[in-house]
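K.L.:
What follows is a predicted structure for the sequence shown.
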Amino acid sequence: MKAVQYREIGAAPQVVTVPDPEVGPGQVLLRMTAAGVCHSDIAVMSMPAEALRFPLPLTLGHEGVGAVAALGAGVSGFAVGDEVAVYGPWGCGSCAKCAQGKENYCLRAAGLGIFPPGLGAPGAMAQYMIVDDPRHLVPLDGLDPVAAVPLTDAGLTPYHAIKRSLPKLVPGATAVVIGTGGLGHVAIQLLRAMTTARVIALDVTEEKLALARAVGAHEAVLSDARAAATVRELTGGVGAELVLDFVGAPPTVATAGAVAAVEADVTLVGIGGGTLPVGFGSPAYEVSVSSPYWGSRSELSEVLALARAGSVAVHVETYGIDEAPLVYERLHAGKINGRAVILPNG
Ligand code: NAD
Ligand code: ZN
Ligand code: ZN
């Protein structure tokens with residue numbers, strides 16, 4: 001089968017032919033319909049060898065949707081042909097966090113060498129993939145596979161980040177979304193669907209700001225040195241009750257801290273290496289700063305339910321598997337609007 005692999009530290013990903021995977025006991029084989037392209041892959045492919053926790057080659061893709069092609073011995077609950085989304089942050093399945101469905105915070109995954117598909121285990125950017133356990137599968141139940149696949153990360157990650165801050169987003173509150181790309185443009189829709197918050201979006205190009213407005217941002221502001229002052233002006237000096245930073249670079253983290261209202265949540269989702277010093281008086285009083293990772297299994301079901309209800313629609317650009325290396329170049333250059341989706345069997 002064809003697979004998109006990161007094969008050598010620092011080299012571009014390649015489309016290669018590898019043996020078809022064979023399903024083992026307890027596993028599920030999927031024929032992949034769609035795989036989303038996340039900016040985190042670029043971060044992984046920029047890491048020095050000593051920072052990489054798994055061996056290469058790596059089949060990329062941690063957002064996957066496919067049709068069940070074969071069930072391993074002992075697997076029940078699914079039938080061949082079922083269209084399913086893959087819950088990506090695989091854990092041990094039995095520790096205190098996994099027992100709550102929070103496999104993204106598994107206490108034992110690192111020690112047991114368990115990795116998410118596309119981030120250590122063979123991923124979704126291939127014609128077939130192995131899912132280690134049927135508990136990682138969520139039925140699409142009528143959702144379009146291409147529109148649904150980004151929900152497994154670009155939807156789930158902002159959903160988790162927003163849900164934990166819902167008590168702060170009372171009527172009259174403001175939410176700021178920094179970086180309106182794959183995750184950010186879904187975050188805007190989730191905020192509009194789940195809250196009454198006024199949404200202020202920040203990005204660096206007019207094209208991204210246009211998408212932010214189109215998906216529901218009340219205000220779209222150029223992310224420059226003046227952005228924090230502009231957000232302060234737009235909120236009558238108060239600031240925002242929730243700041244979601246989907247870039248996480250030093251300048252955006254500084255902006256995030258500067259626009260946080262008293263008792264706000266500043267949530268750093270982007271992995272751009274920025275940090276926010278916290279001390280008395282800065283950021284504002286009682287601001288909570290956190291850096292969440294992905295989301296829980298039940299939250300994935302909730303995001304898919306929101307999509308079925310028509311409350312969130314991902315803006316997708318589709319590409320064939322042979323175009324995947326080019327798609328990563330476009331993503332790196334900021335040229336993808338919304339989320340790029342690879343069709344491995346398209
Ligand atoms: P993306 O490339 O689709 O979107 C990033 C957006 O940020 C783009 O629209 C870009 O124009 C914008 N941007 C760049 N610099 C900016 C600046 N200075 N100010 C404002 N906007 C700026 O990326 P994505 O796939 O949506 O991922 C976003 C980030 O979230 C990445 O860092 C990714 O690694 C990270 N991520 C984290 C998690 C997690 O669980 N914490 C999960 C998925 C992705
Ligand atoms: Zn991701
Ligand atoms: Zn666990």
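P.N.:
Yep, it's here. Ligands and ions are numbered 1, 2, ... in the order given.
K.L.:
need the residues of the stretch 51-200 of the chain near ligand 3, please.
P.N.:
Selection of the stretch 51-200 of the chain residues close to ligand 3 by C-beta under 5 Å from the ion yields G91, C92, C95, C98, C106, R108. Where you see a C-beta, it was placed from the backbone N, CA and C, and this is true even at glycine.
K.L.:
Show me which of those residues is closest to V149.
P.N.:
V149 lies nearest to G91 out of those, by C-beta to C-beta, at 21.2 Å.
K.L.:
number of nearby residues for the nearest residue to the closest one once chain neighbours are set aside?
P.N.:
The shortest distance from G91 to any non-neighbouring residue, by C-beta to C-beta, 6 or more residues apart in numbering, is to C106 (2.7 Å). Residues within reach of C106, counting by other C-beta atoms under 10 Å, total 21.
K.L.:
Next one: T255 relative to D153, how far apart?
P.N.:
According to C-beta to C-beta, to the nearest Å, T255 stands 24 Å off from D153.
K.L.:
on that earlier part again, between the residues of the stretch 51-200 of the chain next to ligand 3, which has the most around it?
P.N.:
G91 (25 neighbours).
K.L.:
In contact with that residue, which residues?
P.N.:
By C-beta atoms under 8 Å, 6 or more residues apart in numbering, the contact set of G91 is K97, C98, K102, E103, N104, Y105, C106, R108, A109, I114.
K.L.:
Looking at these, which are in strands?
P.N.:
Nothing among the contacts of G91 maps onto strands, per DSSP state E.
K.L.:
Just flag the most distant two among those.
P.N.:
K102 and I114 (14.2 Å).
K.L.:
ok, those two, which is more surrounded?
P.N.:
Shown here are K102 and I114; by other C-beta under 10 Å, K102 has more neighbours (21 against 18).
K.L.:
give me every residue that touches the nearest residue to that one once chain neighbours are set aside.
P.N.:
Using C-beta to C-beta, 6+ apart and skipping the chain neighbours, the partner closest in space to K102 is S296 (4.6 Å). If you count contacts by C-beta under 8 Å, 6+ apart, S296 has them with Q100, G101, K102, E103, N104, H160.
K.L.:
what does E286 give?
P.N.:
E286 neighbours (C-beta under 8 Å, 6+ apart): V262, E263.
K.L.:
swap in A324?
P.N.:
V4, P13, V15, V37, L60, M125, I342 are the contacts of A324 under C-beta under 8 Å, 6+ apart.
K.L.:
so which of those is the most crowded?
P.N.:
Neighbour max across those (other C-beta under 10 Å) = M125, 33 neighbours.
K.L.:
ok, and the closest non-adjacent residue to that one?
P.N.:
G61 (3.3 Å).
K.L.:
give the contact list for the one you found.
P.N.:
V4, A35, G36, V37, P117, G118, G123, A124, M125, A126, M129, I342.
K.L.:
What is the nearest of those to T174?
P.N.:
Using C-beta to C-beta, the contacts of G61 come closest to T174 at G36, 29.1 Å.
K.L.:
per-residue confidence for that closest one?
P.N.:
On pLDDT, G36 comes in at 98.
K.L.:
Tell me if it really is in a helix.
P.N.:
No - using DSSP: H, G, I helix; E, B strand; the rest coil, the assignment for G36 is strand, not a helix.
K.L.:
Now it: closest residue in space, sequence neighbours ignored.
P.N.:
Nearest one to G36, counting by C-beta to C-beta, 6+ apart, is E63 at 3.1 Å.
K.L.:
what's the spacing between that neighbour and A256?
P.N.:
Distance from E63 to A256, by C-beta to C-beta: 25 Å.
K.L.:
what does the stretch 151-300 of the chain have sitting close to ligand 1?
P.N.:
153-154, 157, 178-184, 202-204, 208, 223, 246-249, 251-252, 269-272, 293-294 (C-beta under 6 Å from any ligand atom).
K.L.:
Burial check on F280, number of neighbours?
P.N.:
5.
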